[in-house]
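A.B. asks: what's the 3D shape of this:
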Amino acid sequence: MDTFWPLSVNAHPEAEQPTAEPAVHNPVLREPTARFGKHRTLSIRLKLMLYFLALVFLPLLTLGIIGPMLYARSIERETTSHTERMIGQVTQNIEFHVLEMERLIDLIAENEAVSSFFWRGTASIPEKLAIVKVLSMVSDTHPDIAGILLVSDNDDFISNDFYRITRDPLTAERWYNVAREVPGNVRLFSRPIGRNIRSTRNFGPEQVVSVVKGITGPEDGRMRGEILIDMKLSAIGEILKGTSPGKSGFLFIADPDGDLVYAPVNPVVFRIPLSSTPEDTTSGFITVNGTDYQVLSQRSLYTGWRTIGVFSLADVLHEVFLIRYWALIIGGVTMALAIGAAFFFTSSFARPVLGLKNLMKRVEGGDLTVRFSGGNGDELSELGSGFNEMIERIQSLIDQVYREQLAKREAELGILQEQIKPHFLYNTLDTIQWMAQEHRVDEVVCLVSALTKLFRIGLSKGRELISLADELDHVNSYLCIQKVRYEDKFDYEILADESLQSHLVLRLILQPLVENAIYHGVKERRGKGKVVVAAHAEAGELHLTVSDDGAGFPSDRLAALNAALECEGPPALSAGYGIRNVHERIRLTFGRPYGLSFASARGGGTDVLVRHPLLDGEDV
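C.D. replies: So this is what the prediction gives:
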């Protein structure tokens, strides 16, 4: 059931208008005049011109100086990254070729005749011819191979492309003994000068790289001999072909001892220190003939070789220097054109703004008849239209305030006249109470006393804020009357801390909630119900709750009700005028987040929470 609230009297816009409107003095409109007079700043035209030139100058500065610097660093990083990727790819390709040589060595070693040769340490003429045929077939199918040599631990050897120069034992050769130290692993020898073997195809030591691997017996793991394959350096040259970082950069290969494996014809390569470092990757800078070079290297964990990339920083940054040069020239021309364009555009923009400023000064002086005219349909025209609308709205609000003040005075006079009626009502109720006491009708005495208290607190001499004790006393009187009316339909309980009794609340905010709890809650349930009114402080706020164990309402209606309470403006509530009145009064008086919120379940009762600021008498 909706509850009727005593409303404060407000004048309507349709109230009787005075015959003559007095001049309005508005100090708010006069205040900015002093500010404009005291602080003289730069004109908007000069400001816009300075901003315009700053916006032009900053990009020119960025493009002409900062941009090339950042671009140079970016190019340097990109070249370094590209060179590192290139070095990694070259290293991977070389490892692939060496791995292919190792795979061929393993393939040759698995041949039955070769395995028998290493097991016995020697072979007959027919067996050697068969092995030479196998070696020739491998060489023919792999153009990168310059020759293959098999040496047993008994110093017997077989080859399709090599012959021994002297009778000195091949097992005493350096390459043989180095590979013997790590049997089963590949060892590489770049530029193998001084060997006791010579190629029948006239490949010199400076044209090949020797790939050597010791062969062990499968039964006992003992060293049985070694297989040597000379890989052509031209294969590495093909890998490095077309891999040049920058315009004059180059790549070359060095072995772990710091000797060159493969290098292009370049005077710079011989000036680069090839110190053996344990790091897998290194980076540094050197200066050769006054030119700065960056040197990057990467060590292969498989071959032990280093792939080294060298490129000139001047070549890399040459384009950056050209960009900076032309950027400065273009920037100077652009700056000159920008000054002329800035003067033209700022003048066209500032003209309507200055006109609007003059109109605002007239408004500050109290002239509300001014209007902005002109414009080209842009944002300044919209600003002028908004200015005109604002002036019309101010004039309308001034007229409305004047009418409302006049109506308020008339309402106050009416309230003074109506104060006679409550006193007459109090005296009449006192007479009824005295007569009921004389005839000993206790229920009538209780009912009349509660009704008297209900009217007294409800009027509260026109005060909007009353103590929590009076508000709870008002609810108690209302519940007492309803209890007499409904007899045993419900019980009620009021719980509140004594420390909160003196705090102030808006009057008559609980009675509509209690009324809804009775009419829409406990009245709709079967059997006897209960209404509980409680008050407690929480997080610096006063929380008032009205709870019932009545019928409740479904979740969709609960969600719609709480959503409506959170909307800006008057909520369209289906719960009635009383709840709407209470929520709007609290929100209009104290703002967010104060007001009402509901919690309910079908058949599980309803809880209404009132969030109210915790007010002492000194806060008002």
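
A.B. asks: pLDDT score for residue 226?
C.D. replies: With respect to pLDDT, residue 226 scores 92.

A.B. asks: which helices and strands does the helix or strand hosting it pack with?
C.D. replies: Using DSSP states H and E, residue 226 maps to strand 223-232. Contacts defined by 3 or more Cβ pairs under 8 Å, 6 or more residues apart in numbering; DSSP states H and E place strand 223-232 against helix 67-109, helix 112-120, strand 145-152, helix 174-181, strand 208-216. All C-beta atoms are positioned from the backbone trio N, CA, C, and that covers glycine.

A.B. asks: let's see it at 6 Å
C.D. replies: For strand 223-232, the packing partners by 3 or more Cβ pairs under 6 Å, 6 or more residues apart in numbering; DSSP states H and E come out as helix 67-109, strand 145-152, strand 208-216.

A.B. asks: pLDDT of whichever helix or strand comes after it, averaged?
C.D. replies: Counting by DSSP H and E, the element after strand 223-232 in chain order, helix or strand, is helix 233-240. For helix 233-240, mean pLDDT is 87.

A.B. asks: which residues are in contact with helix 233-240?
C.D. replies: 90, 93, 97, 144, 207, 251, 262 (Cβ atoms under 6 Å, 6 or more residues apart in numbering).

A.B. asks: now the residue nearest to residue 524 when sequence neighbours are not counted: phi and psi?
C.D. replies: Excluding its sequence neighbours, the residue lying closest to residue 524 (Cβ to Cβ, 6 or more residues apart in numbering) is residue 551, at 4.0 Å. Phi and psi for residue 551, reported as degrees, to the nearest 10, are phi -70, psi -30.

A.B. asks: I'd say residue 551 and residue 525 touch.
C.D. replies: Yes. Judged on Cβ atoms under 6 Å, residue 551 makes contact with residue 525 at a distance of 5.3 Å.

A.B. asks: which helix or strand lies directly C-terminal to the helix or strand bottoming out on mean pLDDT in the chain?
C.D. replies: Sorting the helices and strands of the chain by mean pLDDT, DSSP states H and E puts helix 27-38 at the bottom, at a mean of 42. For helix 27-38, the following helix or strand on the C-terminal side (DSSP H and E) is helix 44-61.

A.B. asks: what ranges do the helices span in the stretch 201-350 of the chain?
C.D. replies: With DSSP state H, counting those that start in this stretch as the definition, the stretch 201-350 of the chain shows helices at residue ranges 233-240, 313-364.

A.B. asks: how distant is the longest one from the center of its chain?
C.D. replies: If I follow you right, that is helix 313-364. 33 Å (Cα atoms, centre = their mean, to the nearest Å).

A.B. asks: could you do the first one as well?
C.D. replies: Taking Cα atoms, centre = their mean, one finds the center of helix 233-240 at 50 Å from the center of the full chain.

A.B. asks: then stretch 116-130?
C.D. replies: 75 Å.

A.B. asks: and for stretch 491-503?
C.D. replies: For stretch 491-503, the distance from its own C-alpha centre to the chain's C-alpha centre is 49 Å (Cα atoms, centre = their mean).

A.B. asks: low-scoring stretches of the stretch 351-500 of the chain, by residue?
C.D. replies: Within the stretch 351-500 of the chain, the segments meeting pLDDT under 70 span 374-377, 407-431, 433-436, 438-450, 453-462.

A.B. asks: could you redo the last one with a cut-off of 50?
C.D. replies: 413, 415-420 (pLDDT under 50).

A.B. asks: can you pull out the helices in it?
C.D. replies: Under DSSP H, counting those that start in this stretch, the stretch 351-500 of the chain gives helices at 379-418, 420-438, 442-459, 468-486.

A.B. asks: and the helices and strands packed on strand 223-232: which comes nearest residue 534?
C.D. replies: helix 67-109 (67.5 Å; Cβ to Cβ).

A.B. asks: centre of the chain to that closest one, how far?
C.D. replies: 37 Å.

A.B. asks: and stretch 303-316, by the same measure?
C.D. replies: With Cα atoms, centre = their mean as the basis, stretch 303-316 stands 40 Å off its chain's centre.

A.B. asks: now do stretch 544-553
C.D. replies: 44 Å.

A.B. asks: ok so, going back, could you dump the helices and strands packed on strand 223-232 to a markdown table with mean pLDDT?
C.D. replies: A markdown table is the format used below for those (pLDDT from 0 to 100):
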| stretch | mean pLDDT |
| --- | --- |
| helix 67-109 | 85 |
| strand 145-152 | 92 |
| strand 208-216 | 91 |
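
A.B. asks: need those in JSON lines (columns: mean neighbour count and distance to residue 616).
C.D. replies: As requested, the helices and strands packed on strand 223-232 are exported to JSON lines (neighbours: other Cβ atoms under 10 Å; distance: least, Cβ to Cβ, whole Å):
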{"stretch": "helix 67-109", "mean neighbour count": "17", "distance to residue 616": "63"}
{"stretch": "strand 145-152", "mean neighbour count": "24", "distance to residue 616": "102"}
{"stretch": "strand 208-216", "mean neighbour count": "23", "distance to residue 616": "97"}
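
A.B. asks: can you add distance to residue 396 and give those back as TSV?
C.D. replies: Listed next are these as TSV, based on distance: least, Cβ to Cβ, whole Å:
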stretch	distance to residue 396
helix 67-109	56
strand 145-152	102
strand 208-216	98
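
A.B. asks: which one of those lies nearest to residue 597?
C.D. replies: Nearest of the helices and strands packed on strand 223-232 to residue 597, taken as Cβ to Cβ: helix 67-109 at 56.3 Å.

A.B. asks: closest to residue 227 out of the helices and strands packed on strand 223-232?
C.D. replies: helix 67-109 (4.7 Å).

A.B. asks: what is the closest one packed up against?
C.D. replies: Other helices and strands packing on helix 67-109, by 3+ Cβ pairs under 6 Å, 6+ apart, are strand 208-216, strand 223-232, helix 233-240, strand 291-299, strand 306-312, helix 313-364.

A.B. asks: okay, the ones you listed in JSON lines with distance to residue 505 next?
C.D. replies: Output for the helices and strands packed on helix 67-109, formatted as JSON lines (distance: least, Cβ to Cβ, whole Å):
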{"stretch": "strand 208-216", "distance to residue 505": "98"}
{"stretch": "strand 223-232", "distance to residue 505": "99"}
{"stretch": "helix 233-240", "distance to residue 505": "90"}
{"stretch": "strand 291-299", "distance to residue 505": "80"}
{"stretch": "strand 306-312", "distance to residue 505": "82"}
{"stretch": "helix 313-364", "distance to residue 505": "43"}
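
A.B. asks: for the stretch 501-620 of the chain, what spans make up the strands?
C.D. replies: 504-506, 529-538, 541-548, 595-600, 606-613 (DSSP state E, counting those that start in this stretch).
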